[in-house]
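Student: what's the 3D shape of this:
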Amino acid sequence: MSTEMKKSELSDDPVVTSLIDEKKPAAKGEVERETWDKKLDFMLSCIGYAVGLGNIWRFPYLCYKNGGGAFLIPYLIFLLICGIPLFFLELSFGQFGALGPVAIWKIAPIFKGVGFCMMIISFMVCVYYNVIIAYSLHFIFNSFTSTLPWSTCGNDWNTEFCRTNYSSNTTMPPVWTGIDCGKGKGWFEDIMNTSVNYTQLNNVSYMGHKSWTESIDVNGSCIQFNTSSQEYFSRKVLRLTDSIATLGGIQWELLGFLALAWVIVFMCLFKGVKWSGKVVYFTATFPYVVLVILLIRGVMEEGAMDGIHYYLTPNITRLQDVKVWSDAAVQIFYSLGAAWGVLLSYSSLNKFNNNVYRDAVSICFVNCCTSFLAGFVVFSVLGALAFQTGRDIEDVVDQGAGLAFVAYPAAVANLPIAPLWAFLFFFMLLNLGLDSQFGMIEAVVSGLLDEVSWFRKNRVKFLAGLCFVQFLLAIPMVTESGMYWVTLIDWYASGFPLMCAAVCEIICIAWVYGVDRFLYDIRCMIGHKPFLWPWWKATWSCITPICIFLIMTAHLAFYSPVEYNKIVYPSWAEVVGWLSASASILMIPGWAIYQLNYHPRAKGSLPERLAAISRCDADWGPRDPMIPYKYRKQAEPLKSRVHCCSSTESCASDLSDPPVYKVNSV
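Tutor: Have a look, this model is predicted:
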């Protein structure tokens, strides 16, 4: 039978005709949702988003801290039982619903607050994330010099405690005191007093004293030396105040770089995914080139293998520590980027029959391999730094901003052609940051575009306004106390709220919507049940939710108040931090209460209203009316309709006969 005859039959089908009427093109003035130009656009965008700064500055440190190679055991376990299942679920959910992170909750309207929770998390993180990108821009521009400004002491921002080599130029305490300052410290007179007792003096007489029965105070003390890069970052770049309570003035240079960062983000996003999907061809792949180059260069330095040894040497006894397992679970949770709304936004732009299962597994594999590779790169260079400065590796290892803007710059400053390596490293950080920033901004934008028609019609104006508002909100973060604010928001806004969003998401899909129906939805997209589907059913229904609950419990059990460089924040700052966390978390119960009272289906008693808005909307299902969906309203399988193909058939065969579905089949 010809294609024309088939289509004619479809158009005569009253059910299909009604569905086509429901899915008619956007009205005049409305804007259709974008889609990816190519499959590779989506893959690189997801890889660029998932592979972020945390892979470079957090995973290697956690691996070293928690038993070296032994840390990989809990890391891989949590990857299998929590990371990949949650990642696969979210990509599948977004692709099937083909809606943004807020509108997609027509799957169960009572959970719509989860979408707003995700969107607010991404919004708040975007504010400080571009501040970190501004730091990278500062270092990039200051790398265009023959001598890196953070490679030497004696500058106007340095103190007397600055040293470039801890094994030389050390000032020692008086011999008679018997004081040993140890490695990395020096004796400074007129700075505090040091108490010396009889035992330390070792029976040495001094100034007529044959013996002492009590301690005496010696003028001076042992002070930890600072690296030149440490003082450059804290005293030149940040000009850090002594606490968050002292705001200080605006760092005008950083403010300029912050403005530049937002201009870059806007220019890459204002044309939508048609343009940003091409930008990631460079921003997502360039970091791998730099990582390989830095690894090759790093292992050539003396002391590099000592660093790699510290990174990988397994300490099996550390597996007895609950904190090790907690760190592994949290790292998996953060590194894959689930529950931010970004994966929902990106996957919603895919074609309906895209093989989302293959994509999810591939992206998770690339992400974890990148983290492991970054560990070799980081520790080879830190091992060389420890050798050059005469310090122990434990003293140079750091995470977060301390690794990216203090330890690593100090290491590359000692390499030949240092400005080149510095430029490559910070340009890599810039690309890693931008990819993640693109994803989070896109999640906020798509979430609001689906909700507000004016935003859809005026997307560029809306994006410009959003970027400008976030730029204004970030101004306190480029003051002299800015790093305290960056740390505060990072500590609270994206930790516990993410876990709350993730556990609500998986409960909604696996327990409220139904895991069997969700597996059927995946079958409709990829043409067959996902490989090892009983495993996915078990993880979504039981294992992964329990795992997230345990992560949340561990997060609270091991909670420690926010601090930066061992400076403890005042109580009011903690309150601000928890308020930033509550701003997103409260969206979940808040919207549930709103839907119970104002949703069109919320009628009758409380149990009846609860049941009504826990069911998906009537139009939930494939957007293409030619795809039969047994759960669609009036969607009885018809002989002429395109089907969700079986495992032996191609989804591209739109005119093949449909299979016979059982009501409860998966």
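Student: okay, CA-based contacts and neighbour counts for the rest of this
Tutor: OK.
Student: Tell me who's in contact with Ser348.
Tutor: 94-100 (C-alpha atoms under 8 Å, 6 or more residues apart in numbering).
Student: out of these, which are inside strands?
Tutor: Among these, no member is found in strands (DSSP state E).
Student: Return the per-residue confidence for the residue nearest to Lys603 when sequence neighbours are not counted.
Tutor: If the residues on either side of it in the chain are set aside, Lys603 comes closest to Arg609, at 5.3 Å by C-alpha to C-alpha, 6 or more residues apart in numbering. Looking at Arg609, its pLDDT is 95.
Student: got it, and Leu638?
Tutor: At Leu638, the model reports a pLDDT of 39.
Student: how many other residues sit next to Thr389?
Tutor: 20 (other C-alpha atoms under 10 Å).
Student: That one and Val396: what is the separation?
Tutor: 10 Å (C-alpha to C-alpha, to the nearest Å).
Student: How about Tyr629?
Tutor: Going from Tyr629 to Val396 by C-alpha to C-alpha gives 58 Å.
Student: hang on, isn't Phe376 packed against Leu295?
Tutor: Yes - counting by C-alpha atoms under 8 Å, Phe376 touches Leu295, with 6.9 Å between them.
Student: Between those two, which is the more surrounded one?
Tutor: Taking other C-alpha under 10 Å, Phe376 and Leu295 do not tie; Phe376 has more neighbours (25 against 20).
Student: For the more buried one, which non-adjacent residue is closest in space?
Tutor: Closest residue in space to Phe376, ignoring its immediate chain neighbours: Ile308 at 6.1 Å, by C-alpha to C-alpha, 6+ apart.
Student: Just want the phi and psi numbers for that neighbour.
Tutor: Backbone torsions of Ile308, given as degrees, to the nearest 10, read phi -60, psi -40.
Student: and it, what does it touch?
Tutor: Contacts for Ile308 were tallied using C-alpha under 8 Å, 6+ apart; they are 376, 379-380, 383.
Student: Can you tell me which of the residues you listed lies closest to Ile417?
Tutor: Taking C-alpha to C-alpha as the measure, Ile417 sits nearest to Ser380 out of the contacts of Ile308, at 17.7 Å.
Student: okay but that closest one is in contact with Arg297, surely?
Tutor: No - the pair Ser380 / Arg297 is not scored as a contact, 9.1 Å apart, by C-alpha under 8 Å.
Student: The two: which is more packed in?
Tutor: Applying other C-alpha under 10 Å to Ser380 and Arg297 shows that Ser380 carries more neighbours, namely 30 against 17.
Student: okay, now the closest residue to Ala103 other than its chain neighbours: neighbour count?
Tutor: In space, and not counting its chain neighbours, Ala103 is closest to Asp450: 6.1 Å by C-alpha to C-alpha, 6+ apart. Using other C-alpha under 10 Å, Asp450 has 18 neighbouring residues.
Student: my read: Asp450 touches Ile104, true?
Tutor: No - Asp450 is beyond contact range of Ile104, at 9.1 Å (criterion: C-alpha under 8 Å).
Student: joint contacts of these two?
Tutor: Contacts common to Asp450 and Ile104, judged by C-alpha under 8 Å, 6+ apart, are absent.
Student: which other residues reach the helix or strand harbouring Ile546?
Tutor: Element membership for Ile546, per DSSP states H and E: helix 544-557. Helix 544-557 is contacted from outside by 81-82, 85-86, 326, 329-330, 496, 499, 502-503, 506-507, 539, using C-alpha under 8 Å, 6+ apart.
Student: could those go into TSV alongside pLDDT?
Tutor: Below are the contacts of helix 544-557 laid out as TSV (pLDDT from 0 to 100):
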residue	pLDDT
Ile81	92
Cys82	92
Pro85	95
Leu86	95
Ser326	82
Ala329	82
Val330	80
Phe496	89
Met499	90
Ala502	94
Val503	94
Ile506	96
Ile507	96
Thr539	96
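Student: Scan those residues and report the most crowded one.
Tutor: Neighbour max across the contacts of helix 544-557 (other C-alpha under 10 Å) = Leu86, 28 neighbours.
Student: isn't it right next to Ala338, touching?
Tutor: Yes - using C-alpha under 8 Å, Leu86 is in contact with Ala338, at 6.9 Å.
Student: could you list every residue that touches Asp617?
Tutor: Per C-alpha under 8 Å, 6+ apart, neighbours of Asp617: 106-109.
Student: Next: Val290.
Tutor: 424-425, 428.
Student: any idea which helix or strand carries it?
Tutor: Residue-wise, Val290 maps onto helix 286-299 under DSSP H and E.
Student: Low-confidence regions, the protein specifically.
Tutor: 1-32, 165-171, 175-178, 182-184, 193, 196-215, 397-399, 633-666 (pLDDT under 70).
Student: Provide the strand pairings for the strand of greatest length in it, with the direction of each partner.
Tutor: Looking across the chain with DSSP E, the single longest strand is strand 185-196. If you go by DSSP bridges, strand 185-196 pairs up with strand 216-224 (antiparallel).
Student: Straight-line length of stretch 313-327, end to end?
Tutor: 18 Å.
Student: One more: stretch 490-498?
Tutor: 12 Å.
Student: on that earlier part again, how near is the residue nearest to Lys603 to Tyr513?
Tutor: 16 Å.
Student: how about the helices in the stretch 451-600 of the chain?
Tutor: 453-457, 459-473, 482-493, 496-507, 515-526, 533-538, 544-557, 571-585, 587-598 (DSSP state H, counting those that start in this stretch).
Student: These: which one's closest to Ile244?
Tutor: helix 482-493 (5.6 Å).
Student: okay, the angle between that closest one and helix 571-585?
Tutor: Per axes from the mean of the first three to the mean of the last three C-alpha atoms, to 10 degrees, the angle that helix 482-493 makes with helix 571-585 is 50 degrees.
Student: list the helices and strands helix 482-493 packs on?
Tutor: helix 112-141, strand 563-564, helix 571-585 (3 or more C-alpha pairs under 8 Å, 6 or more residues apart in numbering; DSSP states H and E).
Student: related to what we said a few turns ago, so which bits of the helix holding Ile546 are buried?
Tutor: 544-548, 551-552, 554-555 (16 or more other C-alpha atoms under 10 Å).
Student: which among those residues gets closest to Ala618?
Tutor: Pro545 (27.7 Å).
Student: ok, back up a step: can you name the two of the buried residues of helix 544-557 that sit furthest apart?
Tutor: It's Thr544 and His555 that sit farthest apart of the buried residues of helix 544-557, by C-alpha to C-alpha, at 16.2 Å.
Student: I figured Ser92 was touching Ser347, is that so?
Tutor: Yes - the criterion here is C-alpha under 8 Å, and Ser92 meets it with Ser347 at 7.5 Å.
Student: Taking helix 286-299 as reference, get the angle to whichever helix in the chain runs longest.
Tutor: Ranked by number of residues, the top helix in the chain under DSSP state H is helix 356-389. Inter-element angle recorded for helix 356-389 and helix 286-299: 30 degrees (by the same axes, to 10 degrees).
Student: Next SSE downstream of helix 356-389?
Tutor: Downstream of helix 356-389, the first helix or strand assigned by DSSP H and E is helix 393-396.
Student: From the contact counts, what lies against that following helix?
Tutor: Under the contact definition 3+ C-alpha pairs under 8 Å, 6+ apart, helix 393-396 sits against helix 356-389.
Student: how far out from the middle of the chain is the helix it packs on?
Tutor: With C-alpha atoms, centre = their mean, to the nearest Å as the basis, helix 356-389 stands 15 Å off its chain's centre.
Student: Buried ones in that helix, by neighbour count?
Tutor: Buried residues in helix 356-389 (16+ other C-alpha under 10 Å): 356-357, 359-360, 363-364, 367-368, 370-389.
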